[in-house]
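A.B. asks: Any chance you could fold what I've pasted below:
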Amino acid sequence: MTIRAETQIDLSRVDDGSPGAPGANGATFTPAVDGAGDISWTNDGGLPNPPTQNIMGPQGDPGTPGTNGVSVTSVEPEYYLSTSDVSPTGGSWSSTVPAFVTGCYYWTREHVTYSDGSDDYSTAVYNEGMTQASQDAYDADATATFTALHFWFSNDGTDDGAHITEVDRTTFTNTPAGGNLIATSQGVAVRDALKELAIMSADGFEVKTYDAGDNVVIIAHLGYGPGTDSGGGTSDAPYYILGITSNNTFGNYSVSEGYDVSASGYVSHAEGYQTVANNNHAHAEGQITFASGEDSHAEGYASQAKKKYSHAEGFSAIANGEAAHAEGYGTISNGDNAHAQNLGTKASSDNQTALGKYNVEDAADTYAVIVGKGTADNARSNALTVDWSGNVDAAGKYKSNGAQIGSVMKLHGGSFSSPLSTSYKTINLATTADINTGNAFSAASNGIKCLYAGTVHLVGKIRFNDSFTANDYVVGQIYNTTAGSSIQTGRIRSAFAVFNGDVWIDAYATVSANDVLLLRAENATGGRGTITVAECSLTACYVSS
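C.D. replies: Numbers count the residues shown, from 1 in each chain. I've put the predicted structure just below:
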């Protein structure tokens, strides 16, 4: 017997449950197989990996051989000279570079050859750099003419040597022409046909040319060989010649330049025309000059510096003394350290100076300075001399605008002393009648005392600085206080109330010994009692004994 029971469930009343907790993130396992066939695992979840296992099976049977491969056997560049820079046009491809034609363009590609006999070509490209370089070279050489050179050797006794010519040997031998080089045991020469233009050898370097008569002319010679050394002996050293020398004697390191010159001294220098420098460190320049003293210098025309350190310059100037100097026209300096200048002067004592023209020669060491006034070599005379004691002897008059004379000065046979003071002075005047009665600088010591009788040239100046009535006459006077006589009066009219001006007086007077000459001043118009003098001076000079 079967018993059957049924139960009815109402699912409409069942609710969804709450969500469960999220599960753990998954992991990615990555396999790796090594050369031995072992497979291993790694994962990014930090989980345990499966154990490593070997999966390599047994070796299989050999397979059927494959077909042979193809390899590249060569890659060669090819060139195309095109009339277009857009595409290869107007030419053909070549494995060599075609000669460039201006206005054309180079294209390049690669020709690839394979081992099976086949070939291929890369894409052609315009080669701008190659084109531009070729165009630049063409432009630079557009005007150049290239001539083939011929190298040959001759030893048959005719023009022997190694040659470089523009034509072949036969042509040059039959008709020598054009520029060429020849190397011989004497050196290497640059020639025009058979004429030497320059030669370089162990003796130096020489440049030549030829005159209208086809005679050789030396332009320059830079040499090395025997020459005068600093001790006067001979040793090998460089020397330098520009032009023509007068002999074949050279100083070590000397320089000769010009025509018919000679620099035979050690480190000497001769330049110009027919100049000679024949001592150590001497220098001659100009025309027909001679520097024969050590360290001497002659320049100009026909000048001579004959002693050590001497210097002659000008026309026919001669320095005969050591460290002497002669300059000008026909001057001669004979003394050591002496100096002659201007025209025809002679300084014949040591340390003496002669100037002017044609002085009287003094070889006795009397004078330190001589000023000549002669007219010719046989008509010599002196204008002034100064001896070594400081005494001055002058042939003419002494003039000075306001100068003061020293305590004693000898001038052509006479002298005077006690110059007038030029300090500020005040002169008291009463009336115009007092002009002859002492209205001047009072003390005789303020005047000039004449030591000798004779004729004296006097120059006086009085500078006024005072107030006057307009049109007053201001008077200045040289006065012989011993003889009681005025020598000369000068006056000037004051056009304005204030007068600032000078009165000059220039006179000749006959004086007796011990006469005292003074300056006096007054207002001749108004008879003013006081005149202020800002500055005054009186100069005197004997003109005869």
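A.B. asks: isn't there a strand covering residue 31?
C.D. replies: Yes - checked against DSSP: H, G, I helix; E, B strand; the rest coil, residue 31 lies within a strand.
A.B. asks: Pretty sure it sits against residue 38.
C.D. replies: No - the pair residue 31 and residue 38 does not pass the contact test of C-beta atoms under 8 Å, sitting 10.6 Å apart. Yep, even glycine has a C-beta here, placed from its N, CA and C like the rest.
A.B. asks: can you give me the helices in this protein?
C.D. replies: With DSSP state H as the criterion, the chain has helices at 128-140, 169-174.
A.B. asks: So which of those helices is nearest residue 25?
C.D. replies: Of all these, it is helix 128-140 that lies closest to residue 25, at 61.8 Å by C-beta to C-beta.
A.B. asks: packing partners for that closest one?
C.D. replies: strand 105-114 (3 or more C-beta pairs under 8 Å, 6 or more residues apart in numbering; DSSP states H and E).
A.B. asks: From the rest of the structure, what touches the strand it packs on?
C.D. replies: For strand 105-114, the external contacting residues (C-beta atoms under 8 Å, 6 or more residues apart in numbering) are 70-85, 88, 93, 95, 97, 100, 119-127, 130-131, 134.
A.B. asks: Buried ones among those residues?
C.D. replies: Buried members of these, scored by 16 or more other C-beta atoms under 10 Å, are 78-82, 88, 93, 100, 124, 126-127, 130-131, 134.
A.B. asks: May I see those residues arranged in a markdown table, with distance to residue 380 and pLDDT as well?
C.D. replies: As requested, the buried ones among the contacts of strand 105-114 are exported to a markdown table (distance: C-beta to C-beta, whole Å; pLDDT from 0 to 100):
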| residue | distance to residue 380 | pLDDT |
| --- | --- | --- |
| 78 | 102 | 94 |
| 79 | 97 | 95 |
| 80 | 100 | 95 |
| 81 | 95 | 94 |
| 82 | 98 | 94 |
| 88 | 102 | 94 |
| 93 | 103 | 94 |
| 100 | 88 | 91 |
| 124 | 104 | 92 |
| 126 | 97 | 94 |
| 127 | 94 | 93 |
| 130 | 91 | 91 |
| 131 | 90 | 92 |
| 134 | 86 | 89 |
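A.B. asks: Narrow the contacts of strand 105-114 to those in strands?
C.D. replies: The strands, defined by DSSP state E, take in 72-82, 119-121, 125-126 from the contacts of strand 105-114.
A.B. asks: Out of the residues you listed, which is nearest to residue 271?
C.D. replies: Ranked by distance to residue 271 (C-beta to C-beta), these are led by residue 81 at 61.4 Å.
A.B. asks: give the contact list for that closest one.
C.D. replies: With C-beta under 8 Å, 6+ apart, residue 81 has these contacts: 91, 98-101, 104-107.
A.B. asks: do residue 258 as well
C.D. replies: With the criterion set at C-beta under 8 Å, 6+ apart, residue 258 makes contact with 242-244, 270-273, 275.
A.B. asks: same thing with residue 273?
C.D. replies: Counting by C-beta under 8 Å, 6+ apart, residue 273 makes contact with 258-261, 286-288.
A.B. asks: for residue 380, same thing?
C.D. replies: 358-361, 372, 374.
A.B. asks: For this protein, give me the ranges with low pLDDT.
C.D. replies: Applying pLDDT under 70 to the chain picks out residues 1-17, 141-147, 397-447, 462-476, 488-502, 520-539, 542-545.
A.B. asks: Break it down into its domains, please.
C.D. replies: Domains of the chain are assigned by automatic domain parsing as 72-140, 150-201, 303-395, 409-544.
A.B. asks: Please work out which of these is packed deepest.
C.D. replies: domain 303-395 (a mean of 20; mean count of other C-beta atoms under 10 Å).
A.B. asks: for it, how far is the first residue from the last?
C.D. replies: 31 Å (C-alpha to C-alpha, to the nearest Å).
A.B. asks: Measure how far it is from the centre of its chain, please.
C.D. replies: Averaging C-alpha positions (C-alpha atoms, centre = their mean, to the nearest Å) puts domain 303-395 35 Å from its chain's average.
A.B. asks: And stretch 47-65, by the same measure?
C.D. replies: On C-alpha atoms, centre = their mean, the centre of stretch 47-65 falls 94 Å from that of its chain.
A.B. asks: Just the endpoints, please. Distance across it?
C.D. replies: Length of stretch 47-65, first residue to last, C-alpha to C-alpha: 46 Å.
A.B. asks: That stretch: which residues count as buried?
C.D. replies: When neighbours are counted by 16+ other C-beta under 10 Å, no buried residue of stretch 47-65 is found.
A.B. asks: what residues does it touch?
C.D. replies: Residues outside stretch 47-65 that contact it (C-beta under 8 Å, 6+ apart): 27, 29, 33, 36-43.
A.B. asks: Give me the buried entries from those residues.
C.D. replies: Of the contacts of stretch 47-65, not one counts as buried by 16+ other C-beta under 10 Å.
A.B. asks: Just the closest of those residues to residue 349, please.
C.D. replies: For these, the nearest to residue 349 is residue 42 (121.5 Å; C-beta to C-beta).
A.B. asks: Verify the contact between the closest one and residue 29 for me.
C.D. replies: Yes - between residue 42 and residue 29 there is a contact at 7.2 Å, judged by C-beta under 8 Å.
A.B. asks: I'd say residue 226 and residue 238 touch.
C.D. replies: No - using C-beta under 8 Å, residue 226 is not in contact with residue 238, being 11.7 Å away.
A.B. asks: Distance to residue 318 added to the contacts of residue 380, as a markdown table?
C.D. replies: Below are the contacts of residue 380 laid out as a markdown table (distance: C-beta to C-beta, whole Å):
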| residue | distance to residue 318 |
| --- | --- |
| 358 | 15 |
| 359 | 15 |
| 360 | 18 |
| 361 | 13 |
| 372 | 16 |
| 374 | 18 |
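A.B. asks: Out of these, which sit inside strands?
C.D. replies: residue 372.
A.B. asks: since we're on residue 149, how many residues are nearby?
C.D. replies: 11 (other C-beta atoms under 10 Å).
A.B. asks: contacting residues for residue 221?
C.D. replies: With contact set as C-beta under 8 Å, 6+ apart, residue 221 has these partners: 204-207, 240-241.
A.B. asks: Could you tell me which of those residues are located in strands?
C.D. replies: 204-207, 240-241.
A.B. asks: Most neighbours among those residues, which one is it?
C.D. replies: Top of those by neighbour count (other C-beta under 10 Å): residue 241, with 23 neighbours.
A.B. asks: How about that one, nearest residue that isn't a chain neighbour?
C.D. replies: In space, not counting the residues next to it along the chain, residue 241 is nearest to residue 221; the distance is 4.2 Å by C-beta to C-beta, 6 or more residues apart in numbering.
A.B. asks: any idea how far that neighbour lies from residue 258?
C.D. replies: Applying C-beta to C-beta, to the nearest Å, the value for residue 221 to residue 258 is 13 Å.
A.B. asks: cool, and residue 511?
C.D. replies: 65 Å.
A.B. asks: Then residue 485?
C.D. replies: Taken as C-beta to C-beta, the span from residue 485 to residue 258 is 72 Å.
A.B. asks: That's all I had, so thanks and see you.
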